[in-house]
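Enquirer: Turn this into a structure:
(chains A and B)
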Amino acid sequence: MKKKLFHWIFRWLSLTSNMFVFQACFGTPQDFENDIYLTGVVTSSKSGEPVKRIKVLLGKTCQYQFTDSLGRFNMYVPEQGDYNLRIAGVDPINNGYFITRDTSLVNANDAIHVDITL
Amino acid sequence: MNCIKEYVYRWFKNYETNNHQLNYLFWECTTRCNLSCLHCGCDYSGDAPIPDMPLSDFLGALDTIPFPAKNFTVVLTGGEPLLRYDLEKCGREIRRRGMRWGLATNGYLYTPKRHNALLNAGLGALTISLDGLELSHNWLRNTSTGFQKVDKAIDLAANTPRLNFDVITCVNQHNIKELDAIYSYLKAKNVKSWKLSTIIPLGRAKDNTELLLWDFQFEDLLDFIKNKRKLKELDVKYSCEGYVGRYETTVRDGYFFCRAGINIASILNDGSISACPNIDRTFSQGNIYSDNFYEIWQTKFEPFRNRIWTKKGQCEGCPDYKNCQGSGMHLWQGEKKNVLVCHAGKLDITR
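Expert: Numbers count the residues shown, from 1 in each chain, chains lettered A, B, ... in the order given. So this is what the prediction gives:
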C-alpha cells in the first residue's frame, strides 16, 4: 500500500505515466496481459480410450494444439470470459474418424480443465 | 517546471536503485545464430563453441528467487533463441513458476507452426528485428531471404492481440533515408510499437562506417521520432541506449534511466550473472554454476547501483551528468576510461 502510494505520488509529480513500465534497450516489452491455462483430455465415446492427434482449436484465434498420446492438450489462451473450442479429427489414418464438435466454456477464469468425449 | 520534473525523477531513480527490485531477467539461452549480421557485437555463429545452457541449469538459478515481482519477465535472447528446440518447454517451465516470458528474435525461423507452439507455451511478449525495407534489411542481416521471412513473422505477431509485440530497427546509413517508408510499412502491417536504436562501434560494427550515423543524421533520427510521436499513430520511441540531452522526454515515454543491474539482470550462456547481455562481460558479478543467483543480485552489482565511477573521461565535469550518470552501461567497454559514445554530445555538436 505504502509502495503504491509512493509510486502514485511520483507519477503525479513527474507527470510521466510510464515510469514503472520499462523495457530494456534490446528486450521485449513487459507482459501485463491476463491469460488462462486451458487443459483437457479427449476420449473416445466408443472405447473410452484417450484419442491422440485430435486438433483442439480456440474460437476465433489461430491457436490450436494436437492431443498427445494420452489424449491431453494444454495451452495458455487469452482471458476472454467465454471460450469456443472446436475439436476436430484431422488424422483418420492414425486415430480413426471423429465428427468435429464445438464446445463452449462460459465465464471461465484462471485455469480451466475440460474433458471431452467424441 | 522541467527542473522540478528532473529533480523528482532523479529522486525516483535513487529510490529505485536502493530498492533494486528484480523485474526483468535476460536469459542468453544460446550463443548459436542462424545469421551473420554486419552489426552484431557478439560475433556469434551457427556452431558456437559453447553448447546451449541446459534448461535445468537455468531453472535452478530461477528458483533461487524467493518472491518474484508481480511483473517479473524472463526474456529469452541469444544468439538466436529460436534455434533451441526446447524453447516451448522453457516457456512452460517459466510460466509454471508464475513468471512471464518474452522472446527477442531475428524472425527468420518464426513460422506459423512455431508461433502457435510458443503461444500455447504462454509467450506474452515478442520483439522482432527489422532493419529496413527489403534491400537494406537483407544487407544488414547478410542474407538474401531475411526480409521475406521477417515480413511473414511480423504479420503473425502483429495480428495476435495477446502478444505485447514490438519491432526494433537499428538505424544506419542504408536505412536512415527510408524511415518514413518503414513507418508506413509497419502501420500497414498493424504493428503498434516501433523502437529505433543506433549502432555502437563494437564487434563487427567497429570498422564499418556504413553502420554508424553522422552526428547530423543522429539528430535527424531524433527529430523523426519526435515528429512521429506527435501523430500518436504508432508508439515510436528511441531505445534506452543513451541519454539524449534536450530530446529527453520527446523521443521516449520518460526520462533516460539505464536500469541495468537496478531492475535488469541477465544469465549468460556460460552461466555468468550480469545485467543486460550487451554489457561488457568484465562486469560479470558471479556465475550460476558457483553462486546463488539471487544472493548475487541482492548483494553485488555495486558498479551498476553506484555509478559515480563513470564520472571520468568525457563525463567528468559534464553539466548533464546528474541526469545522465554515465549514460548506458553497455557504453563502458574495455578499460572503461571513457564512455564509448556520448549521444547528448553528438547533439551539442550539431547545434
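Enquirer: Residue B:70: how many residues sit nearby?
Expert: 10 (other CB atoms under 10 Å in any protein chain shown). All C-beta spots, glycine's among them, are computed from the backbone N, C-alpha and C.
Enquirer: Tell me who's in contact with residue B:218.
Expert: Listed by CB atoms under 8 Å, 6 or more residues apart in numbering or on different chains, the contact set of residue B:218 reads B:198, B:343, B:346, B:347, B:350.
Enquirer: Could you list everything the first one pairs with in the sheet?
Expert: Residue B:198 has the following beta-bridge partners by DSSP bridges: residue B:171.
Enquirer: From what I see, it and residue B:241 are in contact.
Expert: Yes: Residue B:198 is within contact range of residue B:241, at 7.0 Å (criterion: CB atoms under 8 Å).
Enquirer: Give the residues shared as contacts by these two.
Expert: The contact lists of residue B:198 and residue B:241 share residue B:343, where a contact means CB under 8 Å, 6+ apart.
Enquirer: between the contacts of residue B:218, which is closest to residue B:167?
Expert: residue B:198 (15.7 Å; CB to CB).
Enquirer: Measure how buried the residue nearest to residue B:305 when sequence neighbours are not counted is and give me the count.
Expert: Among residues not flanking residue B:305 along the chain, residue B:17 sits closest, at 5.2 Å (CB to CB, 6 or more residues apart in numbering or on different chains). Neighbour count of residue B:17, defined by other CB under 10 Å: 19.
Enquirer: Does residue B:17 touch residue B:301 like I think?
Expert: No: at 9.9 Å, residue B:17 does not count as touching residue B:301 under the criterion of CB under 8 Å.
Enquirer: Quick one: residues contacting residue 80.
Expert: With no chain named, the answer covers chain A. Taking CB under 8 Å, 6+ apart as the criterion, residue A:80 is in contact with residue A:59.
Enquirer: try again with chain B
Expert: Applying CB under 8 Å, 6+ apart to residue B:80 gives the contacts B:30, B:32, B:33, B:34, B:35, B:105, B:106, B:108, B:109.
Enquirer: Same question for residue B:10.
Expert: Per CB under 8 Å, 6+ apart, neighbours of residue B:10: B:322, B:323.
Enquirer: In which helix or strand does it reside?
Expert: Element membership for residue B:10, per DSSP states H and E: helix B:2-19.
Enquirer: Quick check: next helix or strand after that helix?
Expert: With DSSP H and E, the next secondary element past helix B:2-19 is strand B:24-28.
Enquirer: What strands flank that next one, and is each parallel or antiparallel?
Expert: strand B:73-77 (parallel), strand B:264-267 (parallel).
Enquirer: Next secondary structure after the first one?
Expert: Remark: after strand B:73-77, the chain's next helix or strand is helix B:87-96, criterion DSSP H and E.
Enquirer: How about that following helix and chain A, touching?
Expert: Yes: under the criterion of CB under 8 Å from any CB of the partner chain, chain A is reached by helix B:87-96 at residue B:95.
Enquirer: Give me the helices and strands touching that helix, please.
Expert: helix B:55-62, strand B:73-77, strand B:100-105, helix B:112-120 (3 or more CB pairs under 8 Å, 6 or more residues apart in numbering or on different chains; DSSP states H and E).
Enquirer: Now do the end-to-end distance for stretch B:303-312.
Expert: 14 Å (CA to CA, to the nearest Å).
Enquirer: what's the burial count for the closest residue to residue B:174 other than its chain neighbours?
Expert: The shortest distance from residue B:174 to any non-neighbouring residue, by CB to CB, 6+ apart, is to residue B:136 (4.1 Å). Residues near residue B:136, counting by other CB under 10 Å, number 22.
Enquirer: how close does residue B:136 sit to chain A?
Expert: 19 Å (CB to the nearest CB, to the nearest Å).
Enquirer: Show the subsequent helix or strand relative to the helix or strand hosting that residue.
Expert: Per DSSP H and E: residue B:136 is located in helix B:134-141. Following helix B:134-141 in sequence order, the next helix or strand is helix B:146-158 (DSSP H and E).
Enquirer: Check the offset of that following helix from the chain's centre.
Expert: Centroid separation for helix B:146-158 versus its chain: 20 Å, with CA atoms, centre = their mean, to the nearest Å.
Enquirer: Measure how that helix sits relative to helix B:134-141, angle-wise.
Expert: 100 degrees (axes from the mean of the first three to the mean of the last three CA atoms, to 10 degrees).
Enquirer: Show me which residues of helix B:146-158 are buried.
Expert: Using 16 or more other CB atoms under 10 Å in any protein chain shown as the test for burial, helix B:146-158 gives B:146, B:147, B:149, B:150, B:151, B:153, B:154, B:156, B:157, B:158.
Enquirer: Where does pLDDT dip in chain B?
Expert: Residues of chain B that meet the criterion pLDDT under 70 lie in B:1, B:41-48, B:349-351.
Enquirer: Tell me the residues of the stretch 201-350 of chain B that contact chain A?
Expert: Residues of the stretch 201-350 of chain B lying near chain A (CB under 8 Å from any CB): B:239-241, B:249, B:253-255, B:257, B:259-260, B:263-264, B:276-278, B:328, B:330.
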